[in-house]
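Asker: got a predicted model here, sequence first, then my questions.
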Amino acid sequence: MEIREFQPDDSDALVEILRANLQYADPATEGPDAMLRVHNCVAAVFLVAEEDERPIGLLRGVYDGSKALIHIVSVHPAYQGRGVGTSLVREAARRFKQRGATNLAVTVPGDNLEFWRKLSFRLTTRIMFAHPIDSVLK
């Protein structure tokens, strides 16, 4: 398995992974166009786990110059339980640390807390969302 940077040709395979994990609710923020925007964002870390030249997992996160935050980790169901997610998180942590981050947070769906606890994360706060952003601008 190799962990590498996202490439635009990965989009379709990554959408399949997100769909398989029921993580593809909003194409505007998770679809191919959004993936390209993330890819072009200097603050983002967008990693792909690959095996046999095929994407099997992804991680998206951001470092704002002070704090690092992982937004999503998704591993194809056929590859779960093999350390793919752990490898993605550790590589992201390494890259965030190289940029200057001293801590790392994650937005966690409620059903996968044990995975994060095994990686030394602890549940401390909840995140609130305004979706769509236009609702804030009213």
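Answerer: Okay, I see it. Not measured: the values here are computed from a predicted model.

Asker: report pLDDT for D26.
Answerer: Per-residue confidence (pLDDT) for D26: 89.

Asker: now the lowest-mean-pLDDT helix or strand in the chain: buried residues?
Answerer: In the chain, the helix or strand scored least confidently by mean pLDDT, DSSP states H and E is helix 113-118, which has a mean of 86. The neighbour-count check on helix 113-118 (16 or more other Cβ atoms under 10 Å) flags F115, W116 as buried. From N, CA and C alone the C-beta is placed, and that goes for glycine too.

Asker: could you pull out the strands in the protein for me?
Answerer: Taking DSSP state E to define them, one finds strands in the chain at 2-5, 44-51, 54-63, 68-75, 104-106.

Asker: L113: which of those strands is closest?
Answerer: strand 104-106 (10.3 Å; Cβ to Cβ).

Asker: which strands or helices does that closest one pack on?
Answerer: strand 68-75, helix 84-99 (3 or more Cβ pairs under 8 Å, 6 or more residues apart in numbering; DSSP states H and E).

Asker: may I have the first one as CSV, with CA atoms only?
Answerer: It stands for strand 68-75. Provided in CSV are the C-alpha atoms of strand 68-75 (Å, rounded to 0.1, in the frame of the first residue of the first chain):
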residue,chain,number,x,y,z
ALA,A,68,-4.9,21.0,12.1
LEU,A,69,-8.2,19.3,11.5
ILE,A,70,-9.1,16.1,9.7
HIS,A,71,-12.5,16.4,8.0
ILE,A,72,-12.9,12.9,6.6
VAL,A,73,-11.3,9.5,6.4
SER,A,74,-12.9,6.8,4.3
VAL,A,75,-11.6,3.4,3.4
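
Asker: pLDDT on that strand, on average?
Answerer: Mean predicted confidence for strand 68-75 is 94.

Asker: one more: the longest one?
Answerer: The average pLDDT within helix 84-99 is 96.
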